[in-house]
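> fold the following, please.
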Amino acid sequence: MDSGDGEKVVKVGSRKSELALIQTNSVIDSLKTFHPNARFEIVKMNTTGDKILDKPLPKIGEKSLFTKELEVALEDGSVDFVVHSLKDLPTTLPDNLAIGGICKRENARDAVIIHPKLEAKSLSALAKNSIVGTSSLRRVAQVRQLYPDLEVKSIRGNLNTRLSKLTNSVVDSNNKDAENPLQYSAIMLAVAGIERMGWKDKISQILEPSEIMYAVGQGALAIECRSDDQKTVDFLAPLHDRSTVLRVVAERSLLKKLGGGCSAPVAVNCTLDDNDNLSLEAGVWSLDGKKSLKKKLSVVIATKDEPPKKMTKKEDTLFAGILAGKLLKDELEMAQDLGIKVAEELVAEGALDIMEEARAENEKPEEVKKFIEEIKNGASDKLVQEQR
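A predicted model of the protein is given here:
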C-alpha cells in the first residue's frame, strides 16, 4: 500500500459500469479529505451478474453475483479494497473479509421512470396490463400487491442499458390488451443510483416507503477490505457514518436472521431520528403479492454509563459483516438486536413459509427444503445470501 516515498498507492477494485465507477470515485474523493497525500489506482472488472444478462437474477442460481470476482481480487492481494453498493453485499462475508467503511446514505427510496411517450406520471396512472420492468423480486411482489392490473417483467443490464430498453421500447405483440402495449411502459430503479448518474430529471415518481419499502442497504456505499489488513482498516475507518451504520446494521441483521435475499422478497424502512430513536419496519411477500407480513419495532440508542466493552477478537467487532471501527460497540449491538427481534417476530407469524413459497418459484425444490430446514434449525447465520 505504501509507495516508498511517504505517499500511499491504493488499489481500488470496482465493477466496470458507469454507475460503479461514479460510486468508486465518490469514495476516493471522500478518502482524499482524510488522506490528502494518498494516490489511488482503480482496477476495473466484470462480475458474474454483469456477464449474465439473459436471465432474471434469482434464476441464475449463484450467490454474490455482483461481488465474487471483486472479492477474489481482494483475497489474492490484487486490490486493497473494493467499493460496492451495500445492497449487493451478502450479510455473511468470506471469513477473511469485512466491510471497513460505510459512507453516508443517500436517498434509499425507489423511483419510477415512465416511457417518455406516455402521459402517465405514476404507476397508478398507467393503463391496464402495462409492463413495468424491474430486476428485483421485492419490487415485483409489492407492485403486484398494490397494482394487480399491471404486468411486471424482468429487465437486466446496467442503468444505461435499462434506460435504453425503456426509451427504445416498441409495441409488444404479446401485450395487445394494454392501451399502450409497449415492451416496457416504465422501469423501477433506486433513487440513489439515478441521482448518481445525473438523471434526476428523468424520474416520474418517487415511491415512499409507506407504499413500497426498499432493499436492505439501499442507497449506501460499502467498502470491503481484508479484515487482517489493519493498515487498510484504519485507512477506511473515517468513512463510517454513524447514522447510516446503525440503520444498515439493523437491516442486515434482520436479513441475516431471516436468510432472505434475491430469491425471496424482503424489504425494509429504517430511520434514526434526532433523539436517537432507531425504528425498523420490515416485510416479506409472496411473489404474487397476495400474502405478506410486516413488523415494526423501535429502540432508543443509549450509550451505557460503563466504559465501552473491549473487543478482543474479530467476531466481537463484526456486525452483519461490518467492522465497528471507532463507533461504540454497545450502540451497534442495540441496532443488531433490533434487527434480530423484528426478524423473530416475522418468523413467529409465518414469514418463513411465505419466503419458502417465493423461493420455490426460483430455486430447485430440494434446495428450498434444505434452506428452510437450516433456517429453522438456527443455521441461517452461516448461509451466504445475496441482497437485491
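> for the most centrally placed residue in the chain, helix, strand, or coil?
Centroid-nearest residue in the chain, with CA atoms, centre = their mean: K87, separated by 1.3 Å. At K87, secondary structure determined by DSSP: H, G, I helix; E, B strand; the rest coil is helix.
> distance of the residue nearest to N46 when sequence neighbours are not counted from V347?
In space, N46 comes closest to K16 once its chain neighbours are excluded; the distance is 5.7 Å by CB to CB, 6 or more residues apart in numbering. C-betas here are computed from N, CA, C, even on glycine. Applying CB to CB, to the nearest Å, the value for K16 to V347 is 39 Å.
> when those two are compared, which one has more neighbours?
More crowded of K16 and V347, by other CB atoms under 10 Å: V347, with 21 against 13.
> quick one: contacts for the more buried one?
Neighbouring residues of V347 by CB atoms under 8 Å, 6 or more residues apart in numbering: K257, L258.
> that older thread, state the pLDDT value of the residue nearest to N46.
Per-residue confidence at K16 stands at 89 (pLDDT).
> that one touches V43, doesn't it?
No. With contact defined as CB atoms under 8 Å, K16 does not count as touching V43 (10.3 Å).
> where are the low-confidence patches of the stretch 251-388 of the chain?
260-262, 303-316, 362-388 (pLDDT under 70).
> to clarify, my last question referred to the stretch 101-250 of the chain.
Counting by pLDDT under 70, the stretch 101-250 of the chain contains low-confidence ranges at 171-180.
> what is the burial count for G13?
24.
> chain center to the helix or strand that contains A335, what's the gap?
If you go by DSSP states H and E, A335 is part of helix 329-348. Offset of helix 329-348 from its chain centre (CA atoms, centre = their mean, to the nearest Å): 18 Å.
> other SSEs contacting the helix or strand encompassing A267?
Remark: A267 resides in strand 266-272, with elements defined by DSSP H and E. Packing partners of strand 266-272 (3 or more CB pairs under 8 Å, 6 or more residues apart in numbering; DSSP states H and E): helix 137-146, helix 242-258, strand 277-285.
> what's the first one in contact with?
Okay, so that is helix 137-146. Under the criterion CB under 8 Å, 6+ apart, residues 57-58, 110, 123, 132, 134, 150, 152, 188, 211-213, 215, 262-267, 285-290, 292, 358, 362, 388 lie in contact with helix 137-146.
> buried set for that helix?
If you call a residue buried by 16 or more other CB atoms under 10 Å, then helix 137-146 has these buried ones: L137, R138, R139, V140, A141, Q142, V143, R144, Q145.
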